[in-house]
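K.L.:
Prediction below, plus the sequence it came from.
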Amino acid sequence: FEKNYSSNRIDKTNLIDYYNDRIEEMIKNDQIGNADSYKSSLKAIKKFINPDNPNNVKNIHLMTIKVDWLKKFEKEIIEVKSGSLSTVGTYLRPLRAIYNIAIKENPMYEKLSPFKKSGYQIPASTKVKKALTKKDLRALLESSPKTPEQQKAKDYWFFSFYSQGMNVNDIARLKYKDFNFEESK
């Protein structure tokens, strides 16, 4: 009984156990994209701790995650791995969510949380203006593709543009029956 009881419980101090428990829960709930995000986060953290052999990292105590640790992790992603602030956020938002789960289970962690208001703030990437000018759109529209593949890509892009940003994958799946050719008034 003791063996079965204790083997099914997660270690309430091991970050990896929290991650694995949450990933398993997400997979059961068909949240595959979120589960993959958490897996990527855990993989990046393990690689940060042991760059030569991240699979050897079996235990990360919650109390090792402090503001200084998070700043070093951020610096590593940006300066060494040539990542962006967006990448840092992608890895650290799941970590913060895991930490919040730990706080719910053990309120003692709240006092030590590196993510509280006075602590570490996950960086937000600056939005890049992506809108094209009318002049740019006209240049694209009037351009002459050199190959049939370029023409097809141009056609898909403009169809997506004129259909208010329809996803190219959705465009590729369209069928004739999906169109309504009646004129609307």
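P.N.:
Perfect, thanks for sending it.

K.L.:
ok, longest helix in the chain?
P.N.:
In the chain, with assignment by DSSP state H, the single longest helix is helix 85-105.

K.L.:
which other helices and strands contact the helix or strand that that helix is followed by?
P.N.:
Per DSSP states H and E, the first helix or strand lying C-terminal to helix 85-105 is helix 108-112. Based on contacts counted as 3 or more C-beta pairs under 8 Å, 6 or more residues apart in numbering; DSSP states H and E, the elements that helix 108-112 packs against are helix 85-105. Heads up, the C-betas are built off the backbone N, CA and C, glycines and all.

K.L.:
So which residues make contact with the helix it packs on?
P.N.:
Contact partners of helix 85-105, identified using C-beta atoms under 8 Å, 6 or more residues apart in numbering, comprise 12, 15, 18-19, 22, 37-38, 40-42, 44-45, 62, 65, 70, 73-74, 77-78, 81, 109-110, 113-115, 122-126.

K.L.:
Select only the buried ones of these in PyMOL?
P.N.:
Once 16 or more other C-beta atoms under 10 Å is used to decide burial, the buried members of the contacts of helix 85-105 can be selected in PyMOL as follows:
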select buried, resi 15+18+19+22+37+38+41+42+44+45+62+65+70+73+74+77+109+113+114+115+122
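
K.L.:
follow-up on the earlier one: list the buried residues in the longest helix of the chain.
P.N.:
Across helix 85-105, burial judged by 16+ other C-beta under 10 Å covers 87-92, 94-99, 102-103.

K.L.:
Noted, bye for now.
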